[in-house]
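Chemist: One predicted model, sequence on top.
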Amino acid sequence: MLIQRKKTRGFVISSLLLLVSQVANAFTAATFPRILVKSLHNLKIRRIGPVAAFNRNTDKEASRPFADFSLQSLKSDVSVENLSEANSEVESTIESGESQYQSSFILAKISNWTGTFDEERLAFPELRTGEVTRTFSNISYKKSEVNGNIISKAIHAPGSVTGAAALIAGTTIGAGVLALPSATAPAGFLPSSAALFIAWAYMTISGLLIAELSINRMGETGRQGIGLLELYKSSLGKELSWIAISAYFFLHYAVLVAYLSQGGANLGAALDSAGLQSISSIHGLDQFIFAASAGSLVYFAKPSVVENVNKTLVLGVIVSFLGIIGLGAGSADFTALVAPSNQHPEMLVDAFPICFLSIVFHNVVPTVVTQLEGDRTKITTSLIIGSVIPLIMLLAWNGIILGNVVSVPALNNGLDPIAFLQSEGIGGEKLGALVSVFSELAITTSVIGFVFGLLDSLTDVFNLPLKGPKFEQWKPALFAGVLMPPFLFSLGNPGIFFDALDYGGAFGVSTLFLVLPPIMVWKQRYGEENTILTVPPMVPGGKIPLASLWKAAGTLILEQGAAKLGVFDFFEEHHWFIN
């Protein structure tokens, strides 16, 4: 039955991939040969004879009609042999010219197909030459006492590539890592590692595109602090911005549902271990306590206190993660982990939503652009380094967790590897305890960040300030709007953690970070050619990487949509599969 399901799903996925390829290839290589052949056919040079062609391309004397010449008159000046040799040379020159023309035409078509950027569109010549790398300067003021007087001195605050990379890495490592082993276990370690690398490449390209949009928007408006939602609204306009807004809130609320569900479950397990089963046995009380604790911290505490608490929690995440790697490496079966019999690439498609979700850092890209003063090189370096660190951590985490449960027969039947490690004590009680601590701390830090992000978004949607009396007036309603919907959803299905993250990755991440950024960049680069820009393309390759993102997102959305609508089950039920 499992083999039939795999064949059925493989057949349907192949059909969906073919459909997406036909659509996406309108922007990629598949259309190029047809366009090129048709254009060359229409512009083919017709031969009119060597002497006539020669006459057409020379000056006054050669422009006389060919009928005015006779063989006898030509013989008076040159011999027939010389004339034949001259004609051969002319014909060779014409053929060479045609070849050069066709080569130039092909190169022009390739350039138009891949997309070119006119550097004359840049606002400042210094940006073209590289004489100036940053687009603006950050200034801070330092107070000092001189002869009893307090003097404020303006100093340049250029920002740090290391600090920006750390911000990206810290944002990326969230609770999505907790769902990763469960998503990748059916496919195996090696195929899922390849999927993680592909997801990292696509998400890094997407982050660079958002950075490009942010810099150009800052140059257009002359102000910093461009938020992600404002970026989407300004680029897409009122007609299409609702897609971005809907995808943004869908993703954040779906992930927050998962966090409250799993955070409450972890808290309930801790209460059980402490002998407080009477509390954890009340339905929904675990989720309520967890949501109320995290929400109260953000609601009542000063920002400095929240920052210090978050730093402490992040330190705990790092320490527990290193402990898991150290202890888990000793008990993991690495031979079985990489054995060919445990690799199932045909099951890989279902892992991609969680892989993409595990490498999301795009909310802080506008902040990084501001910190690094729009410096294209520094921003690119920080994004690559800051995303590579989480990639390495995800690969190590996935290998250690799967390596400890690879021999469990139920691994391919929906078993949660992390829950199994916590309950069965594989690898020792210390490893299970560290996994529980890491899980709760990672979720808590992520909840704090998501609460702040949703608050900013709601104030932006309702045109409310982030400080002041009007904000305080609406503060209870805003916090209720952030926490109540995901709390109620988590009550309805306590085991919704993985499903919520899966939906968020398949539809929220794909739309928000894989579909919309390349559309916005395409419009800015190639649809509004008279617009003055501040930065050249952050991603090389012209239109090719933009179309590649569309293709990946389209494939993921179609496949996951078909799976969740029961298309694959329908095919299996009617035995529409390939034997």
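Modeler: Great, that's in hand. Treat the numbers as computed from the prediction; the structure is a model and nothing was measured. Numbers count the residues shown, from 1 in each chain.
Chemist: Double-check that residue 326 belongs to a strand.
Modeler: No - judged by DSSP: H, G, I helix; E, B strand; the rest coil, residue 326 forms no part of a strand; its state is helix.
Chemist: Spatially central, which residue of this protein would that be?
Modeler: residue 203 (2.4 Å; CA atoms, centre = their mean).
Chemist: show me what contacts the closest residue to that residue other than its chain neighbours?
Modeler: Spatial nearest neighbour of residue 203, chain neighbours left out: residue 359 (4.4 Å); criterion: CB to CB, 6 or more residues apart in numbering. All C-beta spots, glycine's among them, are computed from the backbone N, C-alpha and C. By CB atoms under 8 Å, 6 or more residues apart in numbering, the contact set of residue 359 is 172, 196, 199-200, 203, 387, 390-391, 394.
Chemist: longest helix in the protein, by residue count?
Modeler: helix 228-273 (DSSP state H).
Chemist: tell me the mean pLDDT over that helix?
Modeler: Averaged across helix 228-273, pLDDT comes to 86.
Chemist: Next: stretch 562-579.
Modeler: Mean predicted confidence for stretch 562-579 is 69.
Chemist: what about residue 352, how many neighbours?
Modeler: Neighbour count of residue 352, defined by other CB atoms under 10 Å: 27.
Chemist: Pretty sure residue 196 sits against residue 392.
Modeler: No - under the criterion of CB atoms under 8 Å, residue 196 makes no contact with residue 392, lying 10.0 Å away.
Chemist: Look at the two and report which has more neighbours.
Modeler: More crowded of residue 196 and residue 392, by other CB under 10 Å: residue 196, with 24 against 10.
Chemist: got a list of what that one touches?
Modeler: By CB under 8 Å, 6+ apart, the neighbours of residue 196 are 355, 358-359, 391, 394-395, 398.
Chemist: Mark which of the residues you listed are buried, thanks.
Modeler: Using 16 or more other CB atoms under 10 Å as the burial test, the contacts of residue 196 include 355, 358-359, 391, 394-395, 398 as buried.
Chemist: contacting residues for the residue nearest to residue 452 when sequence neighbours are not counted?
Modeler: Closest residue in space to residue 452, ignoring its immediate chain neighbours: residue 298 at 6.8 Å, by CB to CB, 6+ apart. Counting by CB under 8 Å, 6+ apart, residue 298 makes contact with 306, 448, 451-452, 455, 479.
Chemist: Backbone dihedrals for residue 298, please?
Modeler: Phi and psi for residue 298, reported as degrees, to the nearest 10, are phi -70, psi -30.
Chemist: Show only the entries of the contacts of residue 196 found in helices.
Modeler: Using DSSP H, the members of these that fall within helices are 355, 391, 394-395, 398.
Chemist: Output those residues in CSV; the columns should cover distance to residue 240 and pLDDT.
Modeler: Formatted as CSV, the ones in helices among the contacts of residue 196 follow (distance: CB to CB, whole Å; pLDDT from 0 to 100):
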residue, distance to residue 240, pLDDT
355, 27, 93
391, 32, 94
394, 33, 93
395, 36, 95
398, 36, 93
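Chemist: Would you map the helices across the stretch 101-250 of the chain?
Modeler: Secondary structure of the stretch 101-250 of the chain by DSSP state H, counting those that start in this stretch: the helices cover 125-129, 161-172, 176-184, 189-221, 228-273.
Chemist: what do you get for the stretch 401-550 of the chain?
Modeler: 417-424, 429-461, 469-492, 497-503, 516-522, 543-564.
Chemist: So for residue 163, which of the ones you listed sits nearest?
Modeler: helix 429-461 (17.1 Å; CB to CB).
Chemist: And the closest one, what's buried?
Modeler: 431-455, 457-460.
Chemist: again with stretch 471-486
Modeler: Buried residues in stretch 471-486, defined by neighbour count with 16+ other CB under 10 Å: 474, 478-479, 482-483, 486.
Chemist: how long is stretch 326-336 from one end to the other?
Modeler: In stretch 326-336, first residue to last residue: 19 Å (CA to CA, to the nearest Å).
Chemist: Relative to residue 538, which of the ones in helices among the contacts of residue 196 is nearest.
Modeler: Using CB to CB, residue 391 comes nearest to residue 538 of these, at 19.4 Å.
Chemist: In space, what's closest to the closest one - neighbours in sequence excluded?
Modeler: Once flanking residues are discounted, residue 391 sits nearest to residue 200: 4.6 Å by CB to CB, 6+ apart.
Chemist: tally of neighbours for the one you found?
Modeler: With neighbours defined by other CB under 10 Å, the count for residue 200 comes to 23.
Chemist: of the helices of the stretch 401-550 of the chain, which approaches residue 314 most closely?
Modeler: helix 429-461 (5.8 Å).
Chemist: angle of that closest one against helix 228-273?
Modeler: Put simply, helix 429-461 runs at 150 degrees to helix 228-273, going by axes from the mean of the first three to the mean of the last three CA atoms, to 10 degrees.
Chemist: what angle sits between helix 429-461 and helix 469-492?
Modeler: Using the same axes, to 10 degrees: helix 429-461 against helix 469-492 is 130 degrees.
Chemist: Just the mean pLDDT for helix 429-461, thanks.
Modeler: For helix 429-461, mean pLDDT is 85.
Chemist: so that helix versus helix 161-172, what angle?
Modeler: Going by the same axes, to 10 degrees, helix 429-461 makes 100 degrees with helix 161-172.
Chemist: please renumber so the chain begins at 21
Modeler: Okay, residue one is now 21; in that scheme the one you just asked about reads as helix 449-481.
Chemist: can you pull the contacts of the residue nearest to the centre of the chain?
Modeler: 376, 379-382, 407, 533.
Chemist: How about residue 155?
Modeler: Contacts of residue 155 (CB under 8 Å, 6+ apart): 147, 235, 238-239, 393-395, 554-555.
Chemist: how about a cut-off of 7 Å?
Modeler: 235, 239, 393-394, 554-555 (CB atoms under 7 Å, 6 or more residues apart in numbering).
Chemist: next one: residue 208
Modeler: Contacts of residue 208 by CB under 7 Å, 6+ apart are 362-364.
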